[in-house]
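A.B. asks: sequence unknown, structure follows:
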């Protein structure tokens, strides 16, 4: 069974730009969550989608948004990028009681 | 969700069993204990989870105390590739996945 895939794996942007990251969950998984990981803050929850609905949202500004499609694939968007948005962005899909993570997208904002 | 407490770092000799402790003294009766690990710059890898009983799979064993206030992850024969940060997390069964991640334990396997 294929794992969670994320594209792109690496990305370089400049301040003020926007970025869209993509996540394809494991087949059959309807829950997709997004996390931001930085050296200073560790793993922080961004939001979770289930059956195309945002089920929960972490404490991040409105510049961070996401959506989920009918095939459970998900995208997250960050607008007006700031230097502090440089991080590893992780997607995870879940079914029943277990959540599995993708390899992440490393975003560098210059 | 309850918070967990883990030692910041541990060493273990290659080939020996690595025992990683986790304290979750405020855990509720319907909260699972999960263990993940993260090798540098990769996505966290699911290891094992349990509710009340001890669990074992091909990667590790999870020992949960009878009062459920603490647990131990056991890697039976540690290899250099087990060097990683190990996270212990609790989550209410059937709930959403807004998980609270602590700093984890940095496990270093030494040859």
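C.D. replies: Cool, got the structure. Every value quoted in this text rests on a predicted model; they were computed, and no experiment measured them.
A.B. asks: Now look at the strand or helix carrying residue A:100 and say if it contacts chain B.
C.D. replies: In the assignment (DSSP states H and E), residue A:100 maps to strand A:98-101. Yes - judged by CB under 8 Å from any CB of the partner chain, strand A:98-101 comes into contact with chain B through A:98, A:99, A:100, A:101. The way it works is simple: take the backbone N, C-alpha and C, and place the C-beta from them, glycine included.
A.B. asks: For the spatially closest residue to residue B:20 that is not a sequence neighbour, which three-state class applies?
C.D. replies: Closest residue to residue B:20 in three dimensions, ignoring its sequence neighbours and counting by CB to CB, 6 or more residues apart in numbering or on different chains: residue B:73, at 4.4 Å. With DSSP: H, G, I helix; E, B strand; the rest coil as the basis, residue B:73 sits in strand.
A.B. asks: Same check on residue B:37?
C.D. replies: Per three-state DSSP, the local secondary structure of residue B:37 is strand.
A.B. asks: do the same with residue A:60
C.D. replies: Secondary structure assignment for residue A:60 (three-state DSSP): coil.
A.B. asks: burial measure for the nearest residue to it once chain neighbours are set aside, as a count.
C.D. replies: Excluding the flanking residues, the one nearest residue A:60 by CB to CB, 6+ apart is residue A:46, at 5.7 Å. Other residues within reach of residue A:46, judged by other CB atoms under 10 Å in any protein chain shown, total 22.
A.B. asks: need the contact list for residue A:46.
C.D. replies: Applying CB atoms under 8 Å, 6 or more residues apart in numbering or on different chains to residue A:46 gives the contacts A:33, A:34, A:35, A:36, A:57, A:58, A:60, A:64, A:66, A:76.
A.B. asks: Low-confidence regions, chain A specifically.
C.D. replies: Applying pLDDT under 70 to chain A flags the ranges A:1.
A.B. asks: Please enumerate the strands of the chain.
C.D. replies: No chain was given, so I picked chain A. Counting by DSSP state E, chain A has strands at residues A:5-7, A:10-13, A:19-24, A:31-38, A:42-50, A:53-57, A:64-68, A:74-78, A:87-95, A:98-101, A:105-109.
A.B. asks: that's the wrong chain, I meant chain B
C.D. replies: Applying DSSP E to chain B gives strands spanning B:9-13, B:18-23, B:31-38, B:45-50, B:55-56, B:61-64, B:70-75, B:84-92, B:105-110.
A.B. asks: now check the third one, is it near chain A?
C.D. replies: It stands for strand B:31-38. Yes - using CB under 8 Å from any CB, strand B:31-38 reaches chain A at B:32, B:36.
A.B. asks: Run through the neighbouring helices and strands of that strand.
C.D. replies: In this structure, strand B:31-38 makes packing contacts with strand B:18-23, strand B:45-50, strand B:61-64, strand B:84-92, judged by 3 or more CB pairs under 8 Å, 6 or more residues apart in numbering or on different chains; DSSP states H and E.
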